[in-house]
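In: missing the sequence, but the structure's below:
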């Protein structure tokens, strides 16, 4: 009798709403750098195939400033529901060693999802300088401290690559930080500095057009866009590889189901033939590593960059 009454009572209860499928609203990807830069381009190239996967759409928003920490802070304080994501770069690993008083901890505020891309840097010089890397090193050794190199700013990949090269070559050089890669590139074109490091997507065309000279590639292998340019290892300076990269993060505490869904979606987008072709045209390697692999990569990068920043005495500019 009791069971019959209990069953009848249950049948009269209002039906519970079905759990909404995720996502049920647009996903925001915060790019913490200015529009048109490599990180922004990566996010927007992927937003097309991702919007086909997520019917509610993908929105890319730029929140630039303070070396990428302003945009990162916005994501760090967002709800851990997968609707606000961070696409970041090498600065994600460098900033913890350089910036003080941040309202969040890079090591604990985010859940890594996937390393999306990486692209090597190229050591480029004005046509008026030495014609080979060996000639440049000989000239720089002849006047310690008398050579100035440019970069896109303190603690950027361009400066860190130069620090690694200077250490390997035993050179003492002065650093001239500029406000962004395009400004540093103009300084090289004008002959204001002896060289800079630039990502292949910004350097290759100027080298191909004969406006700049490429000394070497700070990567594991030669580039299809610059096949006659040796790697720094080939030139006799090992342990100088330094890649710019882009990776995807969610706020810490985001459910594993959401992380797995995002990882699968971004991995599929990176396998899209049109996406692969466009990234290849930019000299960019597509990856799509797993959350675990990316977490290990970021931790190792943070440790390596912190040691390099300390050794070089780099401070936020």
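Out: The structure has been received and is ready for your questions. Only a predicted model underlies this, so the values are computations on that prediction, with no experimental measurement involved.

In: switch to C-alpha atoms for all contacts and neighbour counts from now on
Out: OK.

In: List the buried residues for the longest helix anywhere in the chain?
Out: Of all segments of type helix in the chain, defined using DSSP state H, the longest is helix 291-312. Residues 291, 294, 295, 297, 298, 301, 302, 305, 306, 308, 309 are the ones in helix 291-312 that count as buried (16 or more other C-alpha atoms under 10 Å).

In: where do the helices sit along the protein?
Out: So, for the chain - with DSSP H - the helices run 2-12, 38-53, 69-76, 91-98, 133-142, 157-169, 181-189, 200-208, 256-270, 273-281, 291-312.

In: what's the least confident stretch among these?
Out: When the helices of the chain are compared on mean pLDDT, helix 2-12 scores lowest, with a mean of 47.

In: circling back: closest one of the buried residues of helix 291-312 to residue 50?
Out: Taking C-alpha to C-alpha as the measure, residue 50 lies nearest residue 291 of the buried residues of helix 291-312, at 18.0 Å.

In: Now for the closest one: which residues touch it?
Out: 112, 113, 114, 263 (C-alpha atoms under 8 Å, 6 or more residues apart in numbering).

In: so the second one makes contact with residue 290?
Out: Yep, that's residue 113 we're talking about. Yes: at 6.9 Å, residue 113 counts as touching residue 290 under the criterion of C-alpha atoms under 8 Å.

In: Mutual contacts of those two, please.
Out: Counting by C-alpha under 8 Å, 6+ apart, the shared contacts of residue 113 and residue 290 are residue 263.

In: Break this protein into its domains for me.
Out: The record's domain split for the chain, according to automatic domain parsing, is 27-118+243-312, 120-218.

In: for these, which one sits closest to residue 231?
Out: Nearest of the domains of the chain to residue 231, taken as C-alpha to C-alpha: domain 120-218 at 4.4 Å.

In: Count the residues that sit near residue 261.
Out: 15 (other C-alpha atoms under 10 Å).

In: count of neighbours near the closest residue to residue 130 other than its chain neighbours?
Out: With C-alpha to C-alpha, 6 or more residues apart in numbering as the criterion, residue 130 has its nearest non-adjacent residue at 5.2 Å, and that residue is residue 136. Burial of residue 136 is recorded as 18 neighbouring residues (other C-alpha under 10 Å).

In: same check, this time on residue 280
Out: Residues near residue 280, counting by other C-alpha under 10 Å: 15.

In: and the gap between it and residue 90?
Out: From residue 280 over to residue 90 the distance is 20 Å, taken as C-alpha to C-alpha, to the nearest Å.

In: thinking again about what came up before, residue 113 and residue 290: who's more crowded?
Out: Set residue 113 next to residue 290 and count neighbours by other C-alpha under 10 Å: residue 113 wins out with 29 against 18.

In: Can you name the residues that contact the more buried one?
Out: By C-alpha under 8 Å, 6+ apart, the neighbours of residue 113 are 247, 248, 249, 250, 259, 262, 263, 290, 291, 292, 294, 295.

In: ok, back up a step: now the angle from the longest helix of the chain to helix 256-270?
Out: Interaxial angle, helix 291-312 versus helix 256-270 (axes from the mean of the first three to the mean of the last three C-alpha atoms, to 10 degrees): 80 degrees.

In: What distance do you get for the nearest residue to residue 73 once chain neighbours are set aside to residue 148?
Out: Spatially, and ignoring its direct neighbours in sequence, residue 73 is nearest to residue 104 (6.6 Å; C-alpha to C-alpha, 6+ apart). In this view, residue 104 and residue 148 are 35 Å apart by C-alpha to C-alpha.

In: Ok, residue 252 next?
Out: 42 Å.

In: Which one's more surrounded, the two?
Out: Neighbours per residue (other C-alpha under 10 Å) separate residue 252 from residue 148, with residue 252 holding more: 19 against 16.

In: Against residue 90, how distant is the more buried one?
Out: When residue 252 is compared with residue 90 (using C-alpha to C-alpha), they lie 19 Å apart.

In: quick one on the thing from earlier: give me the angle between the longest helix of the chain and helix 157-169.
Out: Relative orientation of helix 291-312 versus helix 157-169 (the same axes, to 10 degrees): 60 degrees.
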